[in-house]
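# 3D, please:
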Amino acid sequence: MPAQVGRPVYVRAATRIGVVHFGPGAFHRAHQAAYFDDLLAIDPDWAICAVSLHNPGVRDALQPQDGLYTLALLEETVRLRVVGAIREVLCAPQQRKAVMARLVDPQVRLVTLTITEKGYCLSGDGLDAAHPDIARDLVSPEQPISAIGWLVAGLRERRARRLSPYTVLSCDNLADNGGRLRRAVLDYARRIDRGLAAWIESEVSFPRSMVDSITPATDDALRTRVASALGVADAWPVQREPYSQWVVEDDFRHGRPPLERVGVVFSGEIAGYDRAKLRLLNGPHSALAYLGSLLGLDTVARAMRDPALAGFVERLMREDIVPTLALPAGFDAQAYVDAILSRFRNPAIRHLLSQIAWDGSQKIPVRLLGTIADALAAGHDIDRLCLPVAGWLHFVARQARSGEALVDPLQAPLLEAGRRATGDAAHDVETFLRLQPVFGALAGDARFVEALRGAYATLAPGDAAAVALALAAAQGPQP
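Numbering: from 1, shown residues only. Just a heads-up that it's a prediction; the model follows:
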């Protein structure tokens, strides 16, 4: 291959499989597998057996390539590297014995998962015992089809063989992912074997984690680019932005990979990292989505090329959001803001504002309203924080007036409120604030209501000219 293409710097044949991973989709292969690829140059005991729970597509693509694939790091000049961390690829429905053999292999000390929230078969904070996959596994636990069923089947067999259990690490973007997975596993185990459940409760750890890296789907353009650069075909390359973050709770019982040597942060304050990401990354993302859409912009990178909008977002982060956060020990908030702003400006990532704008009724409360509530409690000004919330209201009203789609679980009441909007700030804000699932107790806080009315009026009538003037005014005097 060309010299500029990165490749494994270790002898693959000398590595040993120490990790079983359920759900080897694009994010795992672009994120965790890349960390393990770096680690194998230091410690050969942590190669990966990748297991698909349903579809053989990943296995069928990677097996003829010996598990090798290309990772493209998207920036102005795209960088390519070949990742060799995946030594084995299996499809659980078709290779049950092989999957179980890996789960009971004493060399395997870690099982990781990226199966999306749906794959955990949760209901509220616990297991959904009525889920078809769980109901079926409870009848035939020795032939599991769900991720929970496989985890428990492997642990049951290890207990029977008097082997130490593996650590179970969720890598999905799910609040309290380790805690929720632990509760689901224990609930399932109690239904089939209370002794096994007691053993899991005392012996098995389920660390919490936080992951972050934008990973666009593989497309034909990537396949063509990779084939041209490598001189060989790759059936399933993956791509992501250069930035990557992985924070893991340091709760491993029977040995853990020394991932801190390749950039992973081990911390007991995962909730603090989650909160920082939610408020400093996702909150400004929503601000860009709604204010940028009203300006007629289409992507995050293009929105960041608007000086007024970019300046507003940066000031929002540094002066309004950071002061409200209880940050983990050693967390450099300003460096984190710098990294986020660089990510937002990356021209190689085409992140559509229209997509970020989806599901505002679910996103706004956790991304922005929580910050506003904390700022009010601390006696801070909230005028700038209210501008993106008002932008969302104008965005909804615009969609309602134009008859365009609004992707949101509260679509009907939102569009009704949007259709009733007259342009009068007091009337329109009062109408939207009746959406109790969104605004909760803040709807009764006079300080918030006044600030939101002011922001809404500043943006009226919600066209590009009004938004541009509002952003200029929101900058105010520089400190």
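
# Pull the number of nearby residues for the closest residue to residue 32 other than its chain neighbours.
Distance criterion Cβ to Cβ, 6 or more residues apart in numbering; nearest residue to residue 32, sequence neighbours excluded, is residue 171 at 5.7 Å. Yep, even glycine has a C-beta here, placed from its N, CA and C like the rest. Other residues within reach of residue 171 by the criterion other Cβ atoms under 10 Å amount to 21.

# show me where the stretch 1-150 of the chain has strands.
Remark: strands of the stretch 1-150 of the chain, listed N- to C-terminal, are 17-22, 47-52, 69-73, 79-83, 86-91, 110-113, 122-123, 126-127; assignment by DSSP state E, counting those that start in this stretch.

# What of the stretch 201-350 of the chain?
Remark: strands of the stretch 201-350 of the chain, listed N- to C-terminal, are 209-212, 238-240, 245-248, 265-266; assignment by DSSP E, counting those that start in this stretch.

# Give the helix, strand or coil label for the residue nearest to the spatial centre of the chain.
Residue closest to the mean C-alpha point of the chain, counted by Cα atoms, centre = their mean, is residue 173 at 4.0 Å. With DSSP: H, G, I helix; E, B strand; the rest coil as the basis, the three-state label of residue 173 is coil.

# Let me see the contact set for residue 308.
Under the criterion of Cβ atoms under 8 Å, 6 or more residues apart in numbering, the contact list for residue 308 reads 468, 471, 472, 475.

# what's the longest helix in the protein?
helix 383-402 (DSSP state H).

# need the next SSE after that helix, C-terminal direction.
Following the chain from helix 383-402 toward its C-terminal end, the next helix or strand by DSSP states H and E is helix 411-419.

# How about residues contacting the very next helix or strand once past that following helix?
Remark: after helix 411-419, the chain's next helix or strand is helix 425-433, criterion DSSP H and E. Residues outside helix 425-433 that contact it (Cβ under 8 Å, 6+ apart) are 393, 396-397, 417, 420-422, 438-439, 443, 449, 452-454, 456-457, 460.

# And helix 425-433, what's buried?
425, 428, 429, 431, 432, 433 (16 or more other Cβ atoms under 10 Å).

# what angle do it and helix 411-419 make?
The directions of helix 425-433 and helix 411-419 differ by 170 degrees, with axes from the mean of the first three to the mean of the last three Cα atoms, to 10 degrees as the criterion.

# CA atoms of the helix or strand following helix 425-433 as CSV?
Towards the C-terminus, the helix or strand next in line after helix 425-433, according to DSSP H and E, is helix 436-439. Output for helix 436-439, consisting of C-alpha atoms alone and laid out as CSV, is shown next (Å, rounded to 0.1, in the frame of the first residue of the first chain):
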residue,chain,number,x,y,z
GLN,A,436,-45.9,21.0,29.9
PRO,A,437,-43.8,18.0,28.8
VAL,A,438,-41.3,20.4,27.4
PHE,A,439,-41.1,23.4,29.7
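
# Could you pull up phi and psi at the residue nearest to residue 32?
The phi and psi values for residue 171, taken as degrees, to the nearest 10, are phi -120, psi 20.

# and residue 64, what does it touch?
Residue 64 is in contact with residue 235, counting by Cβ under 8 Å, 6+ apart.

# Next one, pLDDT for it please.
The per-residue pLDDT reported for residue 64 equals 97.

# From residue 179, how far off is it?
From residue 64 over to residue 179 the distance is 39 Å, taken as Cβ to Cβ, to the nearest Å.

# Same question for residue 25.
As for residue 25, its distance to residue 179 is 23 Å (criterion: Cβ to Cβ).

# again with residue 3
Spatial separation of residue 3 from residue 179 under the definition Cβ to Cβ is 46 Å.

# Settle it for me: which of these two has more neighbours?
Between residue 3 and residue 179, counted using other Cβ under 10 Å, the more crowded position is residue 179 (17 against 6).

# Let me see the confidence value for residue 76.
What the model reports as pLDDT for residue 76 is 89.

# Could you tell me which ranges of this protein sit under the pLDDT cut-off?
Counting by pLDDT under 70, the chain contains low-confidence residues at 476-479.

# now do 80
Counting by pLDDT under 80, the chain contains low-confidence residues at 475-479.

# Outline the domain layout of it.
Here the domain parsing of the chain from automatic domain parsing is 12-268, 271-475.

# list the contacts for the residue nearest to the centre of the chain?
With contact taken as Cβ under 8 Å, 6+ apart, residue 173 is in contact with 117, 211.

# Next, find the distance separating it from residue 215.
With distances defined as Cβ to Cβ, the gap from residue 173 to residue 215 amounts to 11 Å.

# Ok, residue 239 next?
Note on residue 239: its distance to residue 215, by Cβ to Cβ, is 7 Å.

# now the buried residues of helix 425-433 in CSV, with distance to residue 263?
Rendered in CSV, the data for the buried residues of helix 425-433 read as follows (distance: Cβ to Cβ, whole Å):
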residue, distance to residue 263
425, 47
428, 47
429, 45
431, 48
432, 43
433, 44
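
# which of the residues you listed lies closest to residue 326?
Sorting the buried residues of helix 425-433 by distance to residue 326 puts residue 433 at the head of the list, at 27.8 Å, by Cβ to Cβ.

# Apart from its chain neighbours, what residue comes closest to residue 348?
Counting by Cβ to Cβ, 6+ apart, residue 348 lies nearest to residue 74, which is 3.8 Å off, once chain neighbours are set aside.

# Test my guess that residue 205 contacts residue 167.
Yes - Residue 205 lies in contact with residue 167 (Cβ atoms under 8 Å); the separation is 5.1 Å.

# Who has more neighbours out of the two?
Between residue 205 and residue 167, counted using other Cβ under 10 Å, the more crowded position is residue 167 (22 against 18).

# who's the more buried one bridged to?
In this structure, residue 167 has the following beta-bridge partners (DSSP bridges): residue 110.

# Next: residue 73.
In this structure, residue 73 bridges to residue 79, residue 240 when assessed by DSSP bridges.

# got a list of what it touches?
Residues touching residue 73, when contacts are defined by Cβ under 8 Å, 6+ apart, comprise 79, 80, 81, 239, 240, 241, 242.

# ok, and the closest non-adjacent residue to the third one?
Spatial nearest neighbour of residue 81, chain neighbours left out: residue 6 (3.1 Å); criterion: Cβ to Cβ, 6+ apart.

# distance of the nearest residue to residue 146 once chain neighbours are set aside from residue 252?
If the residues on either side of it in the chain are set aside, residue 146 comes closest to residue 133, at 4.0 Å by Cβ to Cβ, 6+ apart. Taking Cβ to Cβ as the measure, residue 133 falls 28 Å from residue 252.

# and if you look at residue 69?
Applying Cβ to Cβ to residue 69 and residue 252 gives a distance of 28 Å.

# same question, residue 323
In this structure, residue 323 and residue 252 are 35 Å apart, going by Cβ to Cβ.

# Same drill for these two, tell me which one is more crowded.
Summary of the neighbour comparison: residue 323 and residue 252, criterion other Cβ under 10 Å, with residue 252 having more neighbours (17 against 13).

# right, and that one touches residue 166 too?
No - shown here, residue 252 and residue 166 do not form a contact pair, counting by Cβ under 8 Å, at 9.8 Å.

# what residues do the two have in common as contacts?
Once Cβ under 8 Å, 6+ apart is applied, the residues that residue 252 and residue 166 both contact turn out to be residue 110.
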